[in-house]
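K.L.:
Task: produce atomic coordinates for the following.
(one chain, ligands or ions: 1)
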Amino acid sequence: MRFIPTSLIGAYIIEPEKVEDDRGFFARVWCQQEFAEHNLDPNIVQSSISFNKKRGTLRGMHLQLPPFAETKLVRCTQGAIYDVIVDLRPDSETYLNWTAVELTAENRKTLYIPKGFAHGFQTLEDNTEIFYQMSEFYSSESARGFRWNDPIFKIDWREEVTVISDRDRTYPDYTPEVLSKLQSFSI
Ligand SMILES: Cc1cn([C@H]2C[C@H](O)[C@@H](COP(=O)(O)OP(=O)(O)O[C@H]3O[C@H](C)C(=O)[C@H](O)[C@H]3O)O2)c(=O)[nH]c1=O
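P.N.:
Numbers count the residues shown, from 1 in each chain. Coordinates of the predicted model:
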């Protein structure tokens, strides 16, 4: 695997190193030891999939607060997404910054998202499926979210949003009150 730092401290793009032969290829996409060697959280307790019928579908921006803050590994196993993360760790040099990466079934890239980041994506093709691996259990009570077009983040999305849940569409703007609840994140 190749671990490529993103512009946000602690977030990485992980590229598989293919071992090719006349049948095709084999590649590792996760290894507890290699992750630990790169100071990445090697714990996985849940895996999930997300299927999205229509191009332009947007899910996010989501995160879980401590004690259920989670490291996430995200990869696209069918279709393509524009995957976005926002650093919400007040003591981070890249606090409130965002970055995006195109994850596709073809490029087989994985995005490693540390605790304290909000995550969301927009699909770039119909019938797009995402595979997640999380370091913490799902906790609806600790789930929080911010609106995809919240002016404080100025995220530059690729396309018009075609499908979005009522919850994701109606999050209030990011405010100091919400910020205070995230102070407990540290890198
Ligand atoms: C995330 C999750 C959801 N659910 C249930 C709760 C709802 O009944 C249904 C759909 O949940 P939700 O609308 O929160 O799903 P997404 O909008 O895709 O949320 C995800 O989207 C963003 C982009 C993420 O990074 C997270 O993985 C996650 O927040 O599945 C579960 O039972 N377990 C889970 O882990």
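K.L.:
can you give me how far stretch 50-61 is from the chain middle?
P.N.:
13 Å (CA atoms, centre = their mean, to the nearest Å).
K.L.:
ok, now stretch 89-102?
P.N.:
Centroid separation between stretch 89-102 and its chain, computed with CA atoms, centre = their mean, is 12 Å.
K.L.:
how about the residues of this structure that lie near the ligand?
P.N.:
Counting by CB under 6 Å from any ligand atom, the residues of the chain close to the ligand are 48, 50, 59-60, 62, 119-121, 132, 138, 165. In short, each C-beta sits where N, CA and C put it, glycine included.
K.L.:
Highest neighbour count among the residues you listed?
P.N.:
Across these, neighbour numbers were computed from other CB atoms under 10 Å; Phe121 holds the maximum, 28 neighbours.
K.L.:
Who are the contact partners of that residue?
P.N.:
Counting by CB atoms under 8 Å, 6 or more residues apart in numbering, Phe121 makes contact with 58-60, 74, 81-84, 103, 130.
K.L.:
can you redo the residues you listed as a markdown table with pLDDT and secondary structure?
P.N.:
Shown next, in a markdown table, are the contacts of Phe121 (pLDDT from 0 to 100; DSSP: H, G, I helix; E, B strand; the rest coil):
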| residue | pLDDT | secondary structure |
| --- | --- | --- |
| Leu58 | 98 | strand |
| Arg59 | 98 | strand |
| Gly60 | 97 | strand |
| Val74 | 98 | strand |
| Ile81 | 98 | strand |
| Tyr82 | 98 | strand |
| Asp83 | 98 | strand |
| Val84 | 98 | strand |
| Leu103 | 98 | strand |
| Ile130 | 98 | strand |
